[in-house]
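Peer 1: whatever this is, show me its structure:
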Amino acid sequence: QVQLVESGGGLVQPGGSLRLSCAASGFSLDYYAVGWFRQAPGKEREGVLCVSSSNGITYYADSVKGRFTITRDHGKNTVYLQLNSLKVEDSAVYYCAIDPTGSCLRKEYDDWGQGTQVTVSS
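Peer 2: Numbers count the residues shown, from 1 in each chain. Here you go, the predicted structure:
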């Protein structure tokens, strides 16, 4: 059974950090592009970052450049999203998704996790 599970969200003060995890079971993430997306209340879902199957990095959102990074742990079959210098406007539900093409540019994501809430507030 293919499953993606996000974790690591929570409440953090502005300027703080969080590390989100996207753990896969039932298949290997190595062959997929893995993207992180977020959706705030009343707003459309937006892409944040992606790592391709060849470990190329693509930023979907300019607003997170220099603050967010994405990495893979092949042994744990997990992709991490490190969120630093968090801002109130980063508050959202964060989702990971997989693209079987392996490319971050095609955006053919076909499986999604359930999401993890990130709240940035003082």
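
Peer 1: residue 84 and residue 65 touch, don't they?
Peer 2: No. The pair residue 84 / residue 65 is not scored as a contact, 11.6 Å apart, by Cβ atoms under 8 Å. In short, each C-beta sits where N, CA and C put it, glycine included.

Peer 1: okay, these two: which has more neighbours?
Peer 2: Per other Cβ atoms under 10 Å, whichever of residue 84 and residue 65 has more neighbours is residue 84, with 14 against 10.

Peer 1: OK, contacts around the more buried one?
Peer 2: Contact analysis of residue 84 by Cβ atoms under 8 Å, 6 or more residues apart in numbering lists 17, 67-69.

Peer 1: now do the most centrally placed residue in the chain, the pLDDT please.
Peer 2: By Cα atoms, centre = their mean, the chain has its centre lying nearest to residue 36, at 2.6 Å. Per-residue confidence (pLDDT) for residue 36: 98.

Peer 1: who does it bridge with?
Peer 2: Applying DSSP bridges to residue 36 gives these bridge partners: residue 49, residue 96.

Peer 1: show me what contacts the nearest residue to residue 7 once chain neighbours are set aside?
Peer 2: Leaving out its chain neighbours, the residue that sits closest to residue 7 by Cβ to Cβ, 6 or more residues apart in numbering is residue 21, at 5.0 Å. Applying Cβ under 8 Å, 6+ apart to residue 21 gives the contacts 6-8, 78-80.
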